[in-house]
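Chemist: A structural model of the following input is requested.
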Amino acid sequence: EIRRLEQQQLAQMRQGAILQSKLEEAQRQQRELQQDLKARHAQVLKDQQEEQMRREQEAMARLEEDLQKRLEELQTREMELEKSW
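Modeler: Have a look, this model is predicted:
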């Protein structure tokens, strides 16, 4: 009976060690996945910021172009008005 109990106890200890090992592996994988998710999130934010900056730069370039055209129009009108005086 004692021998059987010892064998049962050893089997439970082995099973406990196996379960502990599986738990540690699952925790390691979870940490890796969290790190990967965090890195992907950071990359998405960076990409979004770069895209937003590109759009803003394009909008600024269009505004500058518009302003330059308006300035040229005003200068042309001014010259025409000076000629008519």
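Chemist: mind listing the strands for this structure?
Modeler: In order along the chain, the chain carries no strands (DSSP state E).
Chemist: Please enumerate the helices of it.
Modeler: Counting by DSSP state H, the chain has helices at residues 2-84.
Chemist: ok now stretch 20-35, how far from the chain's centre?
Modeler: Relative to its parent chain, stretch 20-35 has a centroid offset of 23 Å by CA atoms, centre = their mean, to the nearest Å.
Chemist: CA atoms only for it - export them in CSV, please.
Modeler: The C-alpha coordinates for stretch 20-35 follow below in CSV (Å, rounded to 0.1, in the frame of the first residue of the first chain):
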residue,chain,number,x,y,z
GLN,A,20,4.0,23.9,-14.4
SER,A,21,6.2,23.6,-17.6
LYS,A,22,3.1,24.0,-19.8
LEU,A,23,2.0,27.0,-17.7
GLU,A,24,5.4,28.7,-18.0
GLU,A,25,5.4,28.1,-21.8
ALA,A,26,1.9,29.5,-22.1
GLN,A,27,3.0,32.6,-20.1
ARG,A,28,6.1,33.0,-22.3
GLN,A,29,4.0,32.9,-25.4
GLN,A,30,1.5,35.3,-24.0
ARG,A,31,4.4,37.8,-23.2
GLU,A,32,5.7,37.4,-26.8
LEU,A,33,2.2,38.0,-28.2
GLN,A,34,1.7,41.1,-26.0
GLN,A,35,5.1,42.4,-27.2
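Chemist: Noted, bye for now.
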